[in-house]
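Chemist: return a 3D structure for these sequence lines:
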Amino acid sequence: MLFNQGQSATPTILLNPASAANTAAATSAWVDVRGFVGDLVITHQVGAITGTLTATIEDATDGAGSGGAAIALNEGAFAVVSVANKIERRTLNADATRGFIRYVGTIATGPALVAVGILSRPSAL
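Modeler: This is a model prediction of the structure:
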């Protein structure tokens, strides 16, 4: 990050830290990203895990998930996680979304401890 970008970054929770036993428990609500510019920095952290967790980011046109579909991340997809204590970062340009995003953690043989957050820059600095 350059200059004051880190200081002006807004943290947003996509998925609060949780022990998710299934995919439904590892799926976030839709988050409005229309007020952000530049890259959304998405951090995906997994603690203890049984089985595997496959993470995707979806976008939609509204907070109800209308037209929701997976969206490509700048660095490619998150790695499938099968071992404990992993963290990954991916970026997504806010303008590349349709305005709302959510995290979907597909869990095979849960549970998995998982948390997902965003660092972003508000459009009005």
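
Chemist: doesn't Ala79 make contact with Thr54?
Modeler: No. Contact criterion C-beta atoms under 8 Å: Thr54 and Ala79 do not qualify, at 9.0 Å. All C-beta atoms are positioned from the backbone trio N, CA, C, and that covers glycine.

Chemist: between those two, which is the more surrounded one?
Modeler: Thr54 (17 against 12; other C-beta atoms under 10 Å).

Chemist: is the more buried one bridged to anything, and to what?
Modeler: Under DSSP bridges, the beta-bridge partners of Thr54 are Thr106.

Chemist: which SS state does Glu75 fall under?
Modeler: Using DSSP: H, G, I helix; E, B strand; the rest coil, the structure places Glu75 in coil.

Chemist: which residues touch the residue nearest to it when sequence neighbours are not counted?
Modeler: Counting by C-beta to C-beta, 6 or more residues apart in numbering, the nearest residue to Glu75 once its immediate chain neighbours are dropped is Arg90, at 5.2 Å. Contacts here follow C-beta atoms under 8 Å, 6 or more residues apart in numbering; on that basis Arg90 touches Ile42, His44, Ile57, Leu73, Asn74, Glu75, Gly76, Phe78.

Chemist: buried subset of these?
Modeler: Ile42, His44, Ile57, Leu73, Phe78 (16 or more other C-beta atoms under 10 Å).

Chemist: just these: which are in helices?
Modeler: If you go by DSSP state H, the buried ones among the contacts of Arg90 have nothing in helices.
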